[in-house]
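Trainee: Attaching a predicted model along with its sequence, questions to come.
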Amino acid sequence: MTTIRNDLILSQSAFTHVVDVPIESIDIASWLFELPDAEYQRCAPPDHIAAGATWTDDGRRMSINVEQIGSGLVVQHYVGEVTEKHYCRMVSLSDVFTPHGRTKVQVIWELSAKTLPDGKTEYTNSVISHPTDEFLAFIEKNGATFEQAAHDRQVASGDHNRRETPLFAESIARAARAKMAVQNA
């Protein structure tokens, strides 16, 4: 069994982007679980490789994302703990493939929207990762300290999140506009 070290933070970042769509039209959960693979790839080229939606054995929604973050190929198994129109909390025990081998980290991805006074919507993309005991043994075996691994992950993950946030926000806005057009037709 994998032990997640919630007392340690491997990386953490949050970025926002404003879209010109009213919050009533935003549905993050629908967008996330209906996101076409090609659209996911457009949201952080060339890092985003593939995405799909499925279910856990116990019936919870799951988003599978494959992406390159720094030197690691990461396979995310995001399980929806909260999947609402304006807030999703997705938790993954993620497989990380590095030049030195394979390990696991926990990633918590929070997607949220809030209304602004001018009628626009502010989207926030927040990502935090925690090491597992397996990850800590992996870096020790490879001669790295936790501080160095956390620094490297923070740099790579922060850069990735900074680039994907506005593209995710605009993709969510396009999905909202498309649904509004259908409703108004």
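Mentor: Arrived safely, thanks for sending.

Trainee: Give me the neighbour count for G59.
Mentor: The local packing of G59 (other Cβ atoms under 10 Å) involves 6 other residues. Glycine gets a C-beta too; all of them are placed from N, C-alpha and C.

Trainee: mind checking how far it is from G80?
Mentor: 11 Å (Cβ to Cβ, to the nearest Å).

Trainee: same thing with S30?
Mentor: 12 Å.

Trainee: all helices in the chain, in order from the N-terminus.
Mentor: 28-34, 37-42, 133-141, 146-184 (DSSP state H).

Trainee: So between S30 and G80, which is more surrounded?
Mentor: More crowded of S30 and G80, by other Cβ under 10 Å: G80, with 20 against 15.

Trainee: Excluding chain neighbours, what is closest to the spatially most central residue of the chain?
Mentor: In the chain, the C-alpha nearest the mean C-alpha coordinate belongs to W109, at 4.6 Å (Cα atoms, centre = their mean). Once flanking residues are discounted, W109 sits nearest to M90: 4.4 Å by Cβ to Cβ, 6 or more residues apart in numbering.

Trainee: so the one you found touches E81, yeah?
Mentor: Yes. Taking Cβ atoms under 8 Å as the definition, M90 is a contact partner of E81 at 7.1 Å.
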